[in-house]
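A.B. asks: Take a look and give me a structure for this.
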Amino acid sequence: MKLREALEIIGREQGNKGYRVSFEHREGKMLASDYFPARDEPLIEKEETAWWLARAFAAQTVGRCVNIGVVDSAFVPVPGCEHRQIENRVAL
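C.D. replies: Predicted coordinates for the structure are as follows:
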């Protein structure tokens, strides 16, 4: 069995029903965490769709929203997120 297949089985057994895009934004002098879709909305069904939305969101929020990534239904970063996370900071 390939590792990817095993991870898919593990994800199903844990009850992962979809994905969210997680990000941080400035509130005063601190960063506040947020995500979409909201808790009362359906989750994003496919991880790659969530990453596409994360990239599109990042492109429109450069310098305002940072540390954009994808989390599962339990708000755990998806495997490999550390390599795909979008920092989105403005270079000074």
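
A.B. asks: any idea which element Ala59 lies in?
C.D. replies: Secondary structure from DSSP states H and E places Ala59 in helix 47-60.

A.B. asks: Could you check how far that helix is from the centre of its chain?
C.D. replies: The chain centroid and the centroid of helix 47-60 are separated by 8 Å under C-alpha atoms, centre = their mean, to the nearest Å.

A.B. asks: Would you agree Glu87 is in contact with Asn67?
C.D. replies: Yes. Taking C-beta atoms under 8 Å as the definition, Glu87 is a contact partner of Asn67 at 6.5 Å. C-betas here are computed from N, CA, C, even on glycine.

A.B. asks: who has more neighbours, these two?
C.D. replies: Neighbour comparison, Glu87 and Asn67: the larger count goes to Asn67, with 15 against 9 (by other C-beta atoms under 10 Å).

A.B. asks: For the more buried one, give its distance to Lys2.
C.D. replies: Shown here: Asn67 relative to Lys2, a distance of 30 Å by C-beta to C-beta, to the nearest Å.

A.B. asks: counting contacts, what elements does the helix holding Ala59 pack onto?
C.D. replies: strand 19-27, strand 65-72 (3 or more C-beta pairs under 8 Å, 6 or more residues apart in numbering; DSSP states H and E).

A.B. asks: Check which residues of that helix are buried.
C.D. replies: Neighbour counts using 16 or more other C-beta atoms under 10 Å place 47, 50-51, 53-54, 57-58 of helix 47-60 among the buried residues.
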